[in-house]
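Participant: Just the structure for this:
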Amino acid sequence: MKKLTEKILKFRDARDWKQFHTPKDLAISLSLEAGEVLEHFQWKSPKEIKKYIKEHKKEIADELADVFYWVLLMSHDLNIDLKKAFLKKMAENNKKYPVKKSKGKHTKYNRL
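Facilitator: Numbers count the residues shown, from 1 in each chain. Got it, this is the predicted structure:
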């Protein structure tokens with residue numbers, strides 16, 4: 001992830017865009033790109049989605065890459081160790097959703 005973040009910073013710095021990258025604007029950009037992922041699936045039935053994914057995998061991948069870009073950039077700018085944060089969150093999720101109570105269910109942790 002460090003090498004990927006370095007690529008992002010090099011890209012941004014070559015264009016002098018850091019001046020525009022406030023935490024608010026990074027969060028907005030992340031949200032907008034996540035919305036673009038959603039657009040690929042909006043109004044489609046499960047059958048249509050299956051076909052659509054096969055035919056539009058590159059476009060979906062591009063949008064996911066955009067989301068990843070903003071996640072990496074935002075974590076860098078906010079000095080958040082994303083790997084550490086992820087591992088901590090997974091440990092918390094393991095406590096919230098024990099296998100015995102949550103396997104095969106989509107119930108929120110506070111209702112298990």
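Participant: Outside of the worst-scoring helix or strand of the chain on mean pLDDT itself, list whatever touches it.
Facilitator: Sorted by mean pLDDT, DSSP states H and E, the helices and strands of the chain end with helix 99-102, the least confident at a mean of 92. With C-beta atoms under 8 Å, 6 or more residues apart in numbering as the test, helix 99-102 has contacts from 109, 112. (C-beta placed from N, C-alpha, C; glycine too.)
Participant: 6 Å - rerun?
Facilitator: The contact list for helix 99-102, computed with C-beta atoms under 6 Å, 6 or more residues apart in numbering, reads residue 112.
Participant: what's the spacing between it and its chain's center?
Facilitator: From the chain centre to the centre of helix 99-102 is a distance of 26 Å (C-alpha atoms, centre = their mean, to the nearest Å).
Participant: One more: stretch 101-112?
Facilitator: For stretch 101-112, the distance to the chain centre is 23 Å (C-alpha atoms, centre = their mean).
Participant: again with stretch 76-85
Facilitator: On the basis of C-alpha atoms, centre = their mean, stretch 76-85 sits 14 Å off its chain's mean C-alpha point.
Participant: Pull up the distance across it, start to finish.
Facilitator: By C-alpha to C-alpha, to the nearest Å, the extent of stretch 76-85 from end to end equals 12 Å.
Participant: For that stretch, report the contacting residues that lie outside it.
Facilitator: 5, 75.
Participant: ok, now stretch 50-70?
Facilitator: For stretch 50-70, using C-beta under 6 Å, 6+ apart, the contacting residues are 29-30, 33-34, 36-37, 40, 44.
Participant: Which of those fall in helices?
Facilitator: 29-30, 33-34, 36-37 (DSSP state H).
Participant: closest to residue 1 among these?
Facilitator: Within the ones in helices among the contacts of stretch 50-70, proximity to residue 1 (C-beta to C-beta) peaks at residue 30, which comes in at 16.0 Å.
Participant: What about the closest residue to that closest one other than its chain neighbours, how many residues nearby?
Facilitator: Using C-beta to C-beta, 6 or more residues apart in numbering and skipping the chain neighbours, the partner closest in space to residue 30 is residue 70 (3.9 Å). Residue 70 has 21 neighbouring residues, counting by other C-beta atoms under 10 Å.
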